[in-house]
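S.K.: any chance you can model this:
(2 chains)
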Amino acid sequence: AQKVTQAQTEISVVEKEDVTLDCVYETRDTTYYLFWYKQPPSGELVFLIRRNSFDEQNEISGRYSWNFQKSTSSFNFTITASQVVDSAVYFCALLSGGSNYKLTFGKGTLLTVNP
Amino acid sequence: DTAVSQTPKYLVTQMGNDKSIKCEQNLGHDTMYWYKQDSKKFLKIMFSYNNKELIINETVPNRFSPKSPDKAHLNLHINSLELGDSAVYFCASSQVIGRGGTEAFFGQGTRLTVV
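M.R.: Next up is the predicted model:
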C-alpha cells in the first residue's frame, strides 16, 4: 500500500517569510516517483516537480526548493521569500512501481501568504 | 493547445438525472485518470485506464461508468445523480513508469453540483 501524509493542514505566513511544506510518504516499492502540485484559488492543478527514487539530489527552481530524503521518507518543499501569489493548496503525490497506475495524493496544505 | 481538456467546466443538475463529462488529451499519454475532489480538497482516484483498458476502479458506485473509446479520450458517465456526487471531477493523463516522464497533467476540472 502507498500513502502520502501532509501533516500541515493550513499554514499562514507574512509576505517575504520562508515556508516549508512537509511531505512524508510510504511505499514498499524500490522504484517510485514523488511530485508536488499547486492548486491556486482558480482551481486548476499545476505540476511543479517530479523526483524519482534513485535521485536524492535536491533541486532549486527560483524561490522554490525541494529536499528529498529517503532515510526519512520525506520530500519537503520550501518557498523562499514567499509572495501573495504563492497562496494555494499544495499537494504532494506518489506514484510507485507496484501501483503504476495509481497516483496517490496527500490531503494538501493550504498556504496563505498575507501582505 | 490545451494538453488535457474536459467539458463542461460547470454542471448543475437535479437529483436523479444522468450526466456525462468528457475528457481528451493530446499529449500522447497511455494512461488516463478520473479523480474526485471533495469539499475538503481531498483528491481521490476513481478510475485509471491504460491504453483503453480499465486498470483501477477504486470502489466507485456502479452509477459511475467510465468509457475510453481510444487512448486519447476518457469520458465519465454518471447515472441517477445524488447530492453526495457534488464535487469537482478532474481528468488527468500521464505515462507509466518506464515510458518517460510520469507526471500527470490535469484538466481544468468539472464542478458538478447536484440540487
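
S.K.: can we go C-alpha only for contacts and neighbour counts from here?
M.R.: Fine.

S.K.: list the strands paired with the least confident helix or strand in chain B by mean pLDDT, with their directions.
M.R.: One helix or strand of chain B scores below all others by mean pLDDT, DSSP states H and E: strand B:53-57, with a mean of 88. Within its sheet, strand B:53-57 is paired with strand B:43-50 (antiparallel), according to DSSP bridges.

S.K.: can you give me how far the partner strand is from the chain middle?
M.R.: What separates the centre of strand B:43-50 from the centre of its chain is 7 Å, taken as C-alpha atoms, centre = their mean, to the nearest Å.

S.K.: give the contact list for residue B:4.
M.R.: Contacts for residue B:4 were tallied using C-alpha atoms under 8 Å, 6 or more residues apart in numbering or on different chains; they are B:23-27, B:91-93, B:105-108.

S.K.: tell me how far it lies from chain A.
M.R.: 11 Å (C-alpha to the nearest C-alpha, to the nearest Å).

S.K.: then residue B:89?
M.R.: 11 Å.

S.K.: show me the contacts for that residue.
M.R.: Contacts here follow C-alpha under 8 Å, 6+ apart; on that basis residue B:89 touches B:34-37, B:109-112.

S.K.: can you tell me which of these lies nearest to residue A:50?
M.R.: Checking those against residue A:50 by C-alpha to C-alpha gives residue B:35 as the nearest, at 19.4 Å.

S.K.: helix or strand: which one has the most centrally placed residue in chain B?
M.R.: For chain B, the residue whose C-alpha lies nearest the mean C-alpha position (C-alpha atoms, centre = their mean) is residue B:34; its distance is 2.8 Å. Using DSSP states H and E, the secondary-structure element containing residue B:34 is strand B:31-37.

S.K.: then that strand to CSV, C-alphas only?
M.R.: Included here for strand B:31-37 are C-alpha records, laid out as CSV according to Å, rounded to 0.1, in the frame of the first residue of the first chain:
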residue,chain,number,x,y,z
THR,B,31,-2.7,6.4,-19.0
MET,B,32,-5.7,8.5,-18.1
TYR,B,33,-7.4,9.0,-14.8
TRP,B,34,-10.5,10.4,-13.2
TYR,B,35,-10.2,12.0,-9.8
LYS,B,36,-12.8,13.3,-7.4
GLN,B,37,-12.0,16.3,-5.2
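
S.K.: would you mind getting the angle between that strand and strand B:53-57?
M.R.: Taking axes from the mean of the first three to the mean of the last three C-alpha atoms, to 10 degrees, strand B:31-37 and strand B:53-57 form an angle of 30 degrees between their directions.

S.K.: which positions in stretch A:22-33 come out as buried?
M.R.: Of the residues in stretch A:22-33, those scored as buried under the neighbour-count criterion (16 or more other C-alpha atoms under 10 Å in any protein chain shown) are A:22-25, A:27, A:32-33.

S.K.: ditto for stretch A:35-43
M.R.: Neighbour counts over stretch A:35-43 (16+ other C-alpha under 10 Å) mark A:35-40 as buried.

S.K.: grab the nearest non-local neighbour of residue 18.
M.R.: Let's take chain A. In space, not counting the residues next to it along the chain, residue A:18 is nearest to residue A:80; the distance is 4.4 Å by C-alpha to C-alpha, 6 or more residues apart in numbering or on different chains.

S.K.: could you do chain B instead?
M.R.: Of all residues apart from its sequence neighbours, residue B:79 sits closest to residue B:18 (C-alpha to C-alpha, 6+ apart), at 4.4 Å.
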